[in-house]
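Novice: Sequence first, predicted coordinates after that:
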Amino acid sequence: MGKFFNRSNKNRKSIFDTSDDKYNGADSYGFIKEEQLPEDRSIRRRKKLTLFLTVVFSAALFGIIASVVFRITSGVLDSMDERKHTVDVRPDSDNKPSPTPGSSEVVIDPKAFVDIEKLYAGIRSTARAFNPCIANVSAVTYTEDPVFKQKTAQTRGFYGIVYEENGSEYLILVRNEELEADYDDLTVSFYNGAGGSARVVKRNDELHLAVLAVSRKSIAEADRNGITIVKRGDSSKLDLGSAVIAVGCVNGTGRSVDFGFINGEPETVFIRDNSIDLMETNMVRHKGAFGILINAEGEAVGILSEDFDDGNCLRAISVNSLGNILNDMLNNDKTPVFGAYFTELTPDVRKSEGIKGGIRITEICEGTPADEAGFRKGDTIIKVQDEVIYFASQFNVILRREAGIGKMRVTYMRGGKEYTVEVPITKE
């Protein structure tokens, strides 16, 4: 305490001495003032810090409020802007008065849609009428487990056409390719659910057709009414633009139907000793398509085929050109054989070669009567039995007619010279 209070100054009174009448308490506690100065600065610093924090907090709060207000305002403005730029996609006719009769405005007649529906109703009705003519065929293959000796059946399905019946059997046309794979058993299921085992009657590799037979006895008499033979028409009456319906496995995968029109002249395709006519439609061709082509009278006029062309349009073999060939197949009759492929000559070619008629040989089949008689590729047959030949189908008619005799007289041109030879006729 002695160091704290300066005792060396004798004239100075102690701060605790109150004997002097002039005592002033405030002055006497001057040291306290001196000691309070640091404490006052600390308070000021705290006040300044408090003020600073208050300002910062207020600024942050203001920023938050401003951000919220901005977002709300922006959303309102955006919605107003969207409403402002809304696109009106309504037709102009909604904002215009109805057209008056005789004006240039196009008026759609609802009756037109009724007429279209009638057209489709007719197609559906025709397709339903031919459903009993379409059959499902199953080729079954059995495999035996080598250990347990159990047999497992694997079934492959395809479609056929009930084309004819001979009193004891239903005769069904199918694609020959469907029978090329190995199988142990064939069964046929008709549209009404009846069915039975089938056997192969005859195949024709050139036409890609085969005939199956199902015994009528295997079908209950009550179910036979639900099996229909196709009604066949005259394919020669079809013109360009004639309406046709395709029924069967038109899409190549299942029972299906399509419709269109004839969009091209018949194309002649040459097969051995004969020719067939292919009719082209505007319908899309699908791989594996098979069925029948029906005219406006509800008659089958063609057999669908996608085997003679790889184009995009569905084609059908004319039933007229199939007549004799199918008769042989359906009746399992042997077919007369000459053994050549032909092409037909145009009038200009015949004129330039100085011949009245003629069909030219393009290929000779080995081991056939034509081969043994010495015919060659390039020979032109001009007469058979003294009848001038113009078409391959005409040649085939004479071939069948003379098959009963067993030979026919053929006149042909080779190297500008005319030759005549007797050709024996065989059957297979």
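Specialist: Structure's in. What do you need? Numbering: from 1, shown residues only.

Novice: For the rest of this, base every contact and every neighbour count on C-alpha atoms.
Specialist: Noted.

Novice: Ramachandran coordinates for residue 394?
Specialist: In terms of degrees, to the nearest 10, the main-chain angles of residue 394 are phi -70, psi -40.

Novice: Might one say that residue 402 is in contact with residue 409?
Specialist: No. Checked against Cα atoms under 8 Å, the pair residue 402 and residue 409 is beyond contact range at 9.5 Å.

Novice: Which one's more surrounded, the two?
Specialist: residue 402 (18 against 15; other Cα atoms under 10 Å).

Novice: Tell me where the stretch 151-300 of the chain has strands.
Specialist: In the stretch 151-300 of the chain, strands defined by DSSP state E, counting those that start in this stretch lie at 151-165, 169-175, 185-189, 195-204, 209-215, 243-249, 256-261, 267-271, 274-284, 290-294, 300-305, listed in chain order.

Novice: What helices and strands are in contact with the fifth one?
Specialist: Contacts of strand 209-215 with other secondary structure elements, assessed using 3 or more Cα pairs under 8 Å, 6 or more residues apart in numbering; DSSP states H and E, are made with strand 169-175, strand 195-204, helix 319-330.

Novice: Which of these sits closest to residue 366?
Specialist: In terms of Cα to Cα, the element of the helices and strands packed on strand 209-215 nearest to residue 366 is strand 195-204, at 18.2 Å.

Novice: buried stuff in that closest one?
Specialist: Judged by neighbour count using 16 or more other Cα atoms under 10 Å, the buried positions of strand 195-204 are 195, 196, 197, 198, 201, 202, 203.

Novice: Over to stretch 333-345?
Specialist: 335, 336, 337, 338, 339, 340, 341, 342, 343, 344, 345.

Novice: among those, which are in strands?
Specialist: Using DSSP state E, 336, 337, 340, 341, 342, 343, 344 are the members of the buried residues of stretch 333-345 that sit in strands.

Novice: Let me have the buried residues of stretch 333-345 in CSV, extended by pLDDT and distance to residue 224.
Specialist: As requested, the buried residues of stretch 333-345 are arranged in CSV below (pLDDT from 0 to 100; distance: Cα to Cα, whole Å):
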residue, pLDDT, distance to residue 224
335, 94, 32
336, 95, 35
337, 96, 38
338, 97, 41
339, 96, 41
340, 97, 43
341, 97, 42
342, 97, 44
343, 97, 45
344, 96, 46
345, 95, 49
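
Novice: ok, back up a step: would you tell me which of the strands of the stretch 151-300 of the chain gets closest to residue 362?
Specialist: Closest of the strands of the stretch 151-300 of the chain to residue 362 is strand 267-271, at 10.0 Å (criterion: Cα to Cα).

Novice: The buried residues of stretch 333-345: which two are farthest apart?
Specialist: Farthest-apart pair in these is 335 and 345; separation 25.7 Å (Cα to Cα).

Novice: And this structure, split by domain according to the record?
Specialist: As given by automatic domain parsing, the domain ranges for the chain are 131-226, 235-330, 336-427.

Novice: quick one, which of those domains is nearest to residue 124?
Specialist: Across those, residue 124 has its closest neighbour in domain 235-330 (8.7 Å, Cα to Cα).

Novice: Of the domains of the chain, which is nearest residue 121?
Specialist: Here domain 235-330 is closest among these (Cα to Cα), at 12.3 Å.

Novice: hey, what's residue 215 bridged with?
Specialist: Beta-bridge pairing for residue 215 (DSSP bridges): residue 169.

Novice: Identify the residues contacting the residue lying closest to residue 407 once chain neighbours are set aside.
Specialist: Among residues not flanking residue 407 along the chain, residue 424 sits closest, at 4.1 Å (Cα to Cα, 6 or more residues apart in numbering). Going by Cα atoms under 8 Å, 6 or more residues apart in numbering, residue 424 touches 369, 406, 407, 408.

Novice: which ones among the residues you listed are found in strands?
Specialist: With DSSP E as the criterion, strands contain 407, 408 from among those.

Novice: Type out the PyMOL command that picks the buried ones from the contacts of residue 424.
Specialist: Applying 16+ other Cα under 10 Å to the contacts of residue 424 leaves a buried subset, and the PyMOL line that selects it is:
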select buried, resi 369+407+408
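
Novice: Return the closest of the contacts of residue 424 with respect to residue 391.
Specialist: Nearest to residue 391, judged by Cα to Cα, of the contacts of residue 424 is residue 408 at 17.1 Å.

Novice: so that closest one touches residue 396, yeah?
Specialist: No. Counting by Cα under 8 Å, residue 408 sits too far from residue 396 to count as a contact (11.9 Å).

Novice: And the helices in this structure, which stretches?
Specialist: 25-28, 30-84, 110-130, 319-330, 347-353, 369-372, 392-402 (DSSP state H).
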